[in-house]
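**Student:** Next comes the sequence, and after it the predicted model I'd like to discuss.
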Amino acid sequence: MTSVNGEPETTKTPETTESVVRRLRDGMAAGVLSFPLTSFHDDGSLDPGGFRTHVAERIATAPGAVFPACGTGEFFSLDEDEYRTVVTVAVEEAAGRVPVVAGVGYGWAQAARFARIAEEAGADALLVLPHYLVAAPQDGLVAQLEQLAARTRLPLIAYQRGQVAYTAASLRRIAQIPGVIGLKDGHSDLDRLQRLTLAAPEGFLFFNGASTAEIQARAYATVGVPAYSSAVHAFAPEIANAFFSALRDGEEKSVEKLLRDFYVPFVELRDRVPGYAVSLVKSAARLRGCPVGPVRAPLTDPTATDLADLTALLTTGLDLVGAAL
């Protein structure tokens, strides 16, 4: 088998789960979690070269970890061959400098197919995206992770969002599944999240995965979850890193200025159209010269009016941190 760049593929020595947890914990304390965009050509076909450039530029800005082929990376639109390419490129560009956590999803049988691909590509861990379509009881949510964990050697991070929401009792159960190492939260229910953090064993990883997570980063930190993913890092790492540093260092005036003048207006723009949580990020990346291309259906690119507003807002954000469009 050859790698994406045509060179003979080398087998990556598997890390222990403990080593992956340690690297992720260190990364989560040091920087934002980066969710790179998947690059497409104008005709909708995958653009591996564009993705390589994009992910390399993200890694150069020192994120805590890289999560390819997840929600921001349009996992739901990738076939298995495309997924293999995306994860392989991310692993090659990371070159061991940061952990690579690949997204998997749908039911456990299909998730296991993606997990095998990620494992072969050299990913360090997996983010288990919410299953497709149906609501499920707590026993089923636990069984979903049990089935997947039994079919991969890679550590798993569960993602609760949409129809997936764990109780404290279920959190205790999934934390006992060999290989399940953490939880990404996208519900922003701080009462529930506090119960989950208190129910978890020592060392279990948590991070804030709300849309535009910076908006709620201070609130999440109050219940013991300071780490967060950043979609803004996909197009403006200068802004994302400036916010992270200000929050970490207790620079409240800087935090509030960035929230008031950039993040809140960005969320208001994001909320105009379903799917803009990805579409705006991709458009902003193109404005910065990143070769990420358009979104795939069923997402749509922003209207001309919304794109003009995004351009002005991006200029404002970059001005705030002394960077250039």
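**Tutor:** Nice, thanks for sending it over.
**Student:** Which parts of the stretch 201-325 of the chain are helices?
**Tutor:** Along the stretch 201-325 of the chain, counting by DSSP state H, counting those that start in this stretch, helices occupy 217-222, 237-248, 252-258, 264-270, 276-287, 304-320.
**Student:** So which of these is nearest Arg97?
**Tutor:** For Arg97, the closest of the helices of the stretch 201-325 of the chain is helix 237-248, at 15.1 Å, according to Cβ to Cβ. Yep, even glycine has a C-beta here, placed from its N, CA and C like the rest.
**Student:** In that closest one, which of the residues would be classed as buried?
**Tutor:** For helix 237-248, burial by neighbour count (16 or more other Cβ atoms under 10 Å) applies to 237-244, 246-247.
**Student:** looking only at pLDDT, what's the mean for it?
**Tutor:** The average pLDDT within helix 237-248 is 97.
**Student:** And the contacts of it?
**Tutor:** Contact with helix 237-248 is made by 31-32, 34, 57-58, 61-63, 214, 217-218, 221, 230, 232-233, 251, 254-255, 258, 262-263, 317-318, 320-321, 323, as judged by Cβ atoms under 8 Å, 6 or more residues apart in numbering.
**Student:** what about the chain, any weak spots by pLDDT?
**Tutor:** Applying pLDDT under 70 to the chain picks out residues 1-14, 324-325.
**Student:** how far away is the closest residue to Val267 other than its chain neighbours from Ile239?
**Tutor:** Distances taken as Cβ to Cβ, 6 or more residues apart in numbering place Thr212 nearest to Val267, at 5.1 Å, with adjacent residues excluded. Thr212 is 12 Å from Ile239, where distance means Cβ to Cβ, to the nearest Å.
**Student:** again, but for Arg23
**Tutor:** In terms of Cβ to Cβ, Arg23 sits 25 Å off from Ile239.
**Student:** Quick one: neighbours of Asp189, just the number.
**Tutor:** Here the count is done by other Cβ atoms under 10 Å, and Asp189 has 13 residues near it.
**Student:** And the closest residue to it other than its chain neighbours, how far from Glu251?
**Tutor:** The spatially closest residue to Asp189, leaving aside those adjacent along the chain, is Ala165, at 7.7 Å (Cβ to Cβ, 6+ apart). Distance of Ala165 to Glu251, given as Cβ to Cβ: 34 Å.
**Student:** Now do the same contact list for Ala213.
**Tutor:** 220, 228-231.
**Student:** one step back: could you verify my assumption that the residue nearest to Asp189 touches Arg192?
**Tutor:** Yes. Ala165 is within contact range of Arg192, at 7.0 Å (criterion: Cβ atoms under 8 Å).
**Student:** Verify the assumption that Val101 is located in a strand.
**Tutor:** Yes. Counting by DSSP: H, G, I helix; E, B strand; the rest coil, Val101 is found in a strand.
**Student:** Run through the bridge partners of it.
**Tutor:** Beta-bridge pairing for Val101 (DSSP bridges): Ala125.
**Student:** now it: how far from Asp301?
**Tutor:** The value you get for Val101 to Asp301, if Cβ to Cβ is used, is 27 Å.
**Student:** Which of the buried residues of helix 237-248 sits closest to Ala199?
**Tutor:** Closest to Ala199, out of all of the buried residues of helix 237-248 and judged by Cβ to Cβ, is Leu247, at 26.0 Å.
**Student:** check contacts around the residue nearest to the spatial centre of the chain.
**Tutor:** Nearest residue to the geometric centre of the chain (Cα atoms, centre = their mean): Phe35, 3.8 Å. By Cβ under 8 Å, 6+ apart, the contact list for Phe35 reads 66-67, 70-73, 229-231, 233-234.
**Student:** Check Val55 too.
**Tutor:** 36, 66, 68, 89-90, 93-94.
**Student:** Many thanks, I have nothing further to ask.
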